[in-house]
Structures are given as C-alpha cells and as structure tokens.
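Novice: Output the structure for:
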Amino acid sequence: MKKIVLPAVCMAVVFGLGYLLKLAFALPTTTLATALAADAGAGTRFELADGASFTGRGKIDVGGEIIVIERIKEDGIRVTKGSELAARANFFKVMERGANGTTAKAHAAGTSVKATGTLFFPENNATYGDAVDRLFYIILWITGIAFVLTEGFFLYILIAFWAKPGQRAQYSHGNHKLELIWTAVPALILVALAIIQSGMWTEMKMNQPDAKAPGVVQIQVAAMQYNWFFRYAGNDNQFGTADDIATMTMRAPVGRKIALTIRSRDTLHSFFLPNFRLKQDAVPGLAVPAWFEAIRTGTYQIMCAELCGLGHTSMGADLIVLPSAEFDEWAKTTSEESAGANDGVDRPDWHGQNMWWWWDSVPTQSGFVGIHQPR
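Specialist: Numbers count the residues shown, from 1 in each chain. You can find the predicted model right below:
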C-alpha cells in the first residue's frame, strides 16, 4: 500500500504546485473604478480598481463589450516607462468602443473587467496566428506532462530512499533499456513536432507573398535606436520618389497581405507584433522579408523584442488596421500630399535623420536568399 500512496502523494504535490502557477499567470481581472457612459468615445479617461497587471495598450472586456484602451499619464500622453507605470497604473483612456463587433453600452463603477486573449497570448489578429498558438500549446502540454512525471518521480525517490541508520547505499550501473527509451521517446517527439510545424513555418517564412501581386501592400520597415520608421511606395508604385509615404505609424488594410522588408541602421532589433504572432529580427546589413494578413481592424502595438540599448523599452509604434477602402483612400491622399511637399526636392528627408537616404544608398544582402518563394 505504501508503494502506491507515496507516489500518489508526490504527484499530487506537483499538480498542486502547477495549479498555483496557473493561478499566478491567470488573465488579470478587476472592476471599473469610474463609470463609462454609452456615448463615451475615444479619448474618454477612466480608472480601473486594479490595473497594474493589464497591458499598457490593448483590449479589455467590460461587461461583454470589448474596449480598446491605453494607459496614460496625467497629461493624457501614453505611458512608456516603468517609472510612469508605477505612478499611473490604474489610469487609462478609451481608444475605441465596441470593438470585435460588440455593442457600446453604459457601465457603472464596479462592473467586472477582464483581459482578452489567452493565458499566454494577447488576442490573435493574423491569418496564421491560430496555427502558431496550437503549436505552442501542443509543446506546453508535452513539456507540462513531462514536468509533472519527472518532478513527481524525483520527489518519490527523495522520500522513499531517504538515508536511514544502518542502511548501506547500493551501486547501480544503470539500465540500458530505460536509457534507450528515454532517449528515443524525446527524439521521436521532436521529429513529430518538426513534421507538425513544417506547414506553418513554410507559410510564415518560406512562402513570402509576391510584392507585385494585385492587392498586396509593400511596406519598408527601418529600425534605429529607438524608433521604427515605415515607408510606402506612393501612387507611382516606386520607392525612392517624391510621392513616397514616410511615417512612424504603420497602417495596413484588413484582409490583404502585407509584404514587409525589414532593415536596421545601427544594431540588432526585433520587429514584434504580439497580436499577429510575428517576430522578425532586424539585422544590420540584411533586408529581411516578413508578412502578415490581418483578420480584423483596430490599433495594435509594435514592439522591439531585442535588447538594443538603454531606450529599448520605449521603442514602440502603432499599427492601425483599416478597412481596405479606407486604407486605399488614406494612401492616395497622403501620397498626393507628399508629392506636393517634395516637388523639386532631391531625395527628400522626411524625418530629419536621413533615414530613407540611407535606405536607398546602402546596399544589403537579402535575407532568406534562395529560400522564400513569392506566391
């Protein structure tokens, strides 16, 4: 009986610790400290009872309505530093009401508030995002089960074979069959994972969209301590001309492929779109392709996921996903404005840092040479 009870107790302890870990990483929940009227639009300021664990910009579920929010300082400007977060953890403003097709309605103080997304990820907005999430959770289950079994067995060995007075230790040279099993099983699991993820990896990395295909939007992404810069070809569909659109806020149409070319002007950066499951290093000397396709409109964070210097944590930008027709109108109008402002100017410098002069002048080696195939 003891041989059964002791392993069961050890396993129960490990499961209990795992459950406590799950609670520690559970999606944050709180309540409204101030009421929100049904007609409270973008820019409305409000307070959460406990907002420290919520993201600085993203979506929350307030009484069934999805609201896009942003953490702000007293002057209404976005919080970007940890010291600012400590001082203004509970203060936000509304960026969008009734997102994800929900209905804007009045919410009284005390209404429940919870984060959207999953335990480990924010809400997915990419066509290939669900495949990425599935692979992650498959690996999580495999490693979680292995963790429970190995730690439970470890506790059992620790307790069952505790040193006792008068008892001598026994030497064991090992068991070849067991060693073959616990070597072969992980190897087979890794092979299975490689097969499972091959289609997803091919779609994300190898099959880059043809930038010249109808409907595909080309965007050049430049990284430099500590900002992201974006450029569109403009109405003439040619980069490096007066009607180029240069901006520090990325815009993209919903339901169309976005072809990115990513470069770094100084050091290693990493272009990270958490809601799109896209993370691609920006490497000096390389022009690296990437792509995504949004499945819904909204405003999303662009982050740097590579430690790039003292200002790394403040290196962010916004991606605004628009309806396709609205994006086309924005691109057409903005390109016309650029053409008028830069008429007669040789290689216009939009940002005062010669960013696009540098892009057009410094040669690079293309990333993924000989691998990615336009589709």
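
Novice: how about the helix or strand where residue 319 lies as CSV, C-alpha atoms only?
Specialist: According to DSSP states H and E, residue 319 maps onto strand 316-322. Extracted C-alpha coordinates of strand 316-322, given in CSV (Å, rounded to 0.1, in the frame of the first residue of the first chain):
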residue,chain,number,x,y,z
GLY,A,316,7.4,51.1,-29.9
ALA,A,317,4.9,52.2,-32.5
ASP,A,318,1.3,51.6,-33.5
LEU,A,319,-0.2,49.5,-36.3
ILE,A,320,-3.6,50.8,-37.4
VAL,A,321,-5.6,48.2,-39.4
LEU,A,322,-8.2,49.9,-41.5
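
Novice: following it, which helix or strand comes up?
Specialist: Past strand 316-322, the next helix or strand by DSSP H and E is helix 324-341.

Novice: Run the chain-centre distance for that next one.
Specialist: 28 Å (Cα atoms, centre = their mean, to the nearest Å).

Novice: Skip ahead from that helix and say which helix or strand is next.
Specialist: Sequence-wise, the next helix or strand downstream of helix 324-341 (DSSP H and E) is helix 355-361.

Novice: Show me what counts as buried in stretch 277-287.
Specialist: For stretch 277-287, a neighbour-count test (16 or more other Cβ atoms under 10 Å) marks 277-278, 280-283, 286-287 as buried. For the C-beta atoms, the positions are set from N, CA and C on the backbone; glycine is no exception.

Novice: what about that stretch, how long is it end to end?
Specialist: 20 Å (Cα to Cα, to the nearest Å).

Novice: Let me see the ranges of the helices in this protein.
Specialist: 2-24, 82-87, 129-160, 176-201, 324-341, 355-361 (DSSP state H).

Novice: buried stuff in the longest one?
Specialist: It stands for helix 129-160. For helix 129-160, a neighbour-count test (16+ other Cβ under 10 Å) marks 129, 131-133, 151-152, 155-156 as buried.

Novice: Make a markdown table out of those residues and add distance to residue 103.
Specialist: Putting the buried residues of helix 129-160 into a markdown table (distance: Cβ to Cβ, whole Å) gives the following:
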| residue | distance to residue 103 |
| --- | --- |
| 129 | 25 |
| 131 | 31 |
| 132 | 30 |
| 133 | 27 |
| 151 | 47 |
| 152 | 48 |
| 155 | 51 |
| 156 | 54 |
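
Novice: Export these as a markdown table, with columns for pLDDT and distance to residue 319.
Specialist: Below are the buried residues of helix 129-160 laid out as a markdown table (pLDDT from 0 to 100; distance: Cβ to Cβ, whole Å):
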| residue | pLDDT | distance to residue 319 |
| --- | --- | --- |
| 129 | 91 | 14 |
| 131 | 92 | 20 |
| 132 | 92 | 17 |
| 133 | 90 | 19 |
| 151 | 85 | 41 |
| 152 | 85 | 44 |
| 155 | 85 | 47 |
| 156 | 85 | 50 |
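
Novice: what's the closest of those to residue 236?
Specialist: Minimum distance to residue 236 across these is 33.4 Å, recorded for residue 129 (Cβ to Cβ).

Novice: In contact with the closest residue to the closest one other than its chain neighbours, which residues are there?
Specialist: Once flanking residues are discounted, residue 129 sits nearest to residue 277: 4.4 Å by Cβ to Cβ, 6 or more residues apart in numbering. Residue 277 sits next to 121, 124, 126, 128-129, 132-133 when contact means Cβ atoms under 8 Å, 6 or more residues apart in numbering.

Novice: Please report how far residue 277 lies from residue 260.
Specialist: 14 Å (Cβ to Cβ, to the nearest Å).

Novice: So what's the residue count around residue 28?
Specialist: 15 (other Cβ atoms under 10 Å).

Novice: oh sorry, the question was meant for residue 198
Specialist: 11.

Novice: I'd assumed residue 268 was in contact with residue 225.
Specialist: No. Applying Cβ atoms under 8 Å as the test, residue 225 and residue 268 come out as separate, 10.7 Å apart.

Novice: shared neighbours, those two?
Specialist: Both residue 225 and residue 268 are contacted by residue 308, under the criterion Cβ under 8 Å, 6+ apart.

Novice: In this structure residue 27 contacts residue 115, no?
Specialist: Yes. Taking Cβ under 8 Å as the definition, residue 27 is a contact partner of residue 115 at 4.6 Å.

Novice: who's more crowded, the two?
Specialist: residue 115 (19 against 14).

Novice: Spit out the contact partners of the more buried one.
Specialist: Counted by Cβ under 8 Å, 6+ apart, residue 115 has contacts 27-29, 54-55, 58-61.

Novice: Let's have these in TSV, adding distance to residue 356 and pLDDT.
Specialist: Output for the contacts of residue 115, formatted as TSV (distance: Cβ to Cβ, whole Å; pLDDT from 0 to 100):
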residue	distance to residue 356	pLDDT
27	41	76
28	41	82
29	45	87
54	37	85
55	32	81
58	31	82
59	33	87
60	37	89
61	41	91
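
Novice: Which of the residues you listed fall in strands?
Specialist: Members of those lying in strands (criterion: DSSP state E): 29, 58-61.

Novice: Narrow those residues to those that are buried.
Specialist: The buried subset of those - by 16+ other Cβ under 10 Å - is 58-61.

Novice: how about those in a markdown table, adding distance to residue 181?
Specialist: Shown next, in a markdown table, are these (distance: Cβ to Cβ, whole Å):
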| residue | distance to residue 181 |
| --- | --- |
| 58 | 45 |
| 59 | 46 |
| 60 | 48 |
| 61 | 46 |
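
Novice: Among these, find me the one that's closest to residue 218.
Specialist: residue 58 (27.6 Å).

Novice: which ones are touching the most centrally placed residue in the chain?
Specialist: Nearest residue to the geometric centre of the chain (Cα atoms, centre = their mean): residue 274, 1.1 Å. Residues in contact with residue 274 (Cβ under 8 Å, 6+ apart) are 121-122, 300-301, 303.
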